[in-house]
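Undergrad: Whatever this is, show me its structure:
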Amino acid sequence: MPESVRADVWVWAVRLAKTRTQATDACKAGHVRVRGERAKPSTPVRVGDTVIVRTHERERIVVATKLVLKRV
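TA: Here you go, the predicted model:
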């Protein structure tokens with residue numbers, strides 16, 4: 001099991017974005033925050049991190065309890 005996963009991969013894998021490209025674009029646009037900091041697509045997400053994703057008029061706050069590389 002990896003220690004961390006890229007932010008764009010994790011956001012895509014837990015279905016907060018429809019495609020990996022959308023997850024990458026959201027990170028680049030500043031719509032993803034990891035541990036309260038603006039996340040680049042390569043920002044590591046670790047177990048216990050709080051990930052905030054802003055889409056349209058909605059803001060989702062998710063705690064990473066497991067690291068996933070494939071869609072679930």
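
Undergrad: which other helices and strands contact the one helix or strand residue 25 maps to?
TA: Using DSSP states H and E, residue 25 maps to helix 20-28. In terms of contacts (3 or more CB pairs under 8 Å, 6 or more residues apart in numbering; DSSP states H and E), helix 20-28 is packed against helix 7-13, strand 50-55. (Glycine included, C-beta is placed from N, CA and C.)

Undergrad: Distance to residue 23, mean neighbour count and mean pLDDT for these - can I get that in CSV?
TA: Converted to CSV, the helices and strands packed on helix 20-28 look like this (distance: least, CB to CB, whole Å; neighbours: other CB atoms under 10 Å; pLDDT from 0 to 100):
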stretch, distance to residue 23, mean neighbour count, mean pLDDT
helix 7-13, 4, 24, 96
strand 50-55, 9, 16, 95
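
Undergrad: Over to the closest residue to residue 50 other than its chain neighbours: give its phi and psi.
TA: In this structure, residue 50 finds its nearest non-sequential neighbour in residue 63, 5.5 Å apart by CB to CB, 6 or more residues apart in numbering. Dihedral angles of residue 63 (phi, psi; degrees, to the nearest 10) stand at phi -100, psi 130.

Undergrad: Would you mind confirming that residue 63 is in contact with residue 47?
TA: No: between residue 63 and residue 47 there is no contact under CB atoms under 8 Å: 9.1 Å.

Undergrad: Among these two, which residue is more densely surrounded?
TA: residue 47 (13 against 9; other CB atoms under 10 Å).

Undergrad: For that one, which non-adjacent residue is spatially closest?
TA: Going by CB to CB, 6+ apart, residue 47 has residue 64 as its nearest residue, at 5.8 Å.

Undergrad: Now do the same contact list for the one you found.
TA: Contacts for residue 64 (CB atoms under 8 Å, 6 or more residues apart in numbering) come out as 10, 45-51.
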